[in-house]
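**Q** let me see the structure of the following:
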Amino acid sequence: AAKAEAAKAAEAAVAEAEAMEAAKAAVAVAKADAAQLVVEARKDEESETAQEAMGGGMARFLAFRQHIELTLEHHATWTSRNRTWKLGVRRSSLCADVIDHFSLGFTKVRLLQQTEVTFTS
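**A** This next block holds a predicted model:
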C-alpha cells in the first residue's frame, strides 16, 4: 500500500512538473507574442508619424503655392504676366548656368515672371 501511494505521489509530481513546463512554454509564447505586438505598434506609430510629417509638408507646400499665385495675381506687371523668361541651360554645367541667369540682369520683374527652361547637350 505504501508503494502504491509513493507511486501515485511520484506520478502526481511528474504531472505537476509537466504542467509547470507547459505553463512556462505558454508564458514564453505569450511574451514573444506581446513583444511582436509591441514591435508592430511601434512600426505603426512611426508610419503614422511619417505620414503626418509628409501631410504637414504638403499643407505647407500648398499654402506656399497659394501665396505665390495670389502674389502673381495682385502684384505682377504686364511684362511678368505676358512674357516668359527663357533660360538656356547646358546639361554639363547645369548649376553654373542657372546661377549665371539669376546673377545677370535679375530684376523684380523676373521674380514673378514665368520661366521656360531649355536644356542643351
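
**Q** got the buried residues for the host helix or strand of residue 94?
**A** In this assignment (DSSP states H and E), residue 94 forms part of helix 94-103. For helix 94-103, burial by neighbour count (16 or more other CB atoms under 10 Å) applies to 97, 101. All C-beta spots, glycine's among them, are computed from the backbone N, C-alpha and C.

**Q** please enumerate the helices of this protein.
**A** Using DSSP state H, the helices of the chain run over residues 2-75, 78-82, 94-103, 108-111.

**Q** with mean pLDDT and distance to residue 118 added, can I get the ones you listed in TSV?
**A** Listed next are the helices of the chain as TSV, based on pLDDT from 0 to 100; distance: least, CB to CB, whole Å:
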stretch	mean pLDDT	distance to residue 118
helix 2-75	80	22
helix 78-82	79	19
helix 94-103	88	11
helix 108-111	77	17
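
**Q** can you dump the C-alpha atoms of the helix holding residue 94 in PDB for me?
**A** Below are the C-alpha coordinates for helix 94-103, written out as PDB (Å, rounded to 0.1, in the frame of the first residue of the first chain):
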ATOM      1  CA  LEU A  94      23.600  73.000 -65.000                       C
ATOM      2  CA  CYS A  95      24.300  74.800 -61.700                       C
ATOM      3  CA  ALA A  96      26.700  77.300 -63.200                       C
ATOM      4  CA  ASP A  97      24.300  78.200 -65.900                       C
ATOM      5  CA  VAL A  98      21.300  78.700 -63.500                       C
ATOM      6  CA  ILE A  99      23.400  80.800 -61.200                       C
ATOM      7  CA  ASP A 100      24.600  82.900 -64.200                       C
ATOM      8  CA  HIS A 101      21.000  83.500 -65.300                       C
ATOM      9  CA  PHE A 102      20.000  84.600 -61.800                       C
ATOM     10  CA  SER A 103      23.000  86.800 -61.300                       C
END
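
**Q** so which elements touch that helix?
**A** In terms of contacts (3 or more CB pairs under 8 Å, 6 or more residues apart in numbering; DSSP states H and E), helix 94-103 is packed against strand 85-90.

**Q** chain center to the strand it packs on, what's the gap?
**A** Relative to its chain's centre, strand 85-90 lies at 34 Å (CA atoms, centre = their mean, to the nearest Å).
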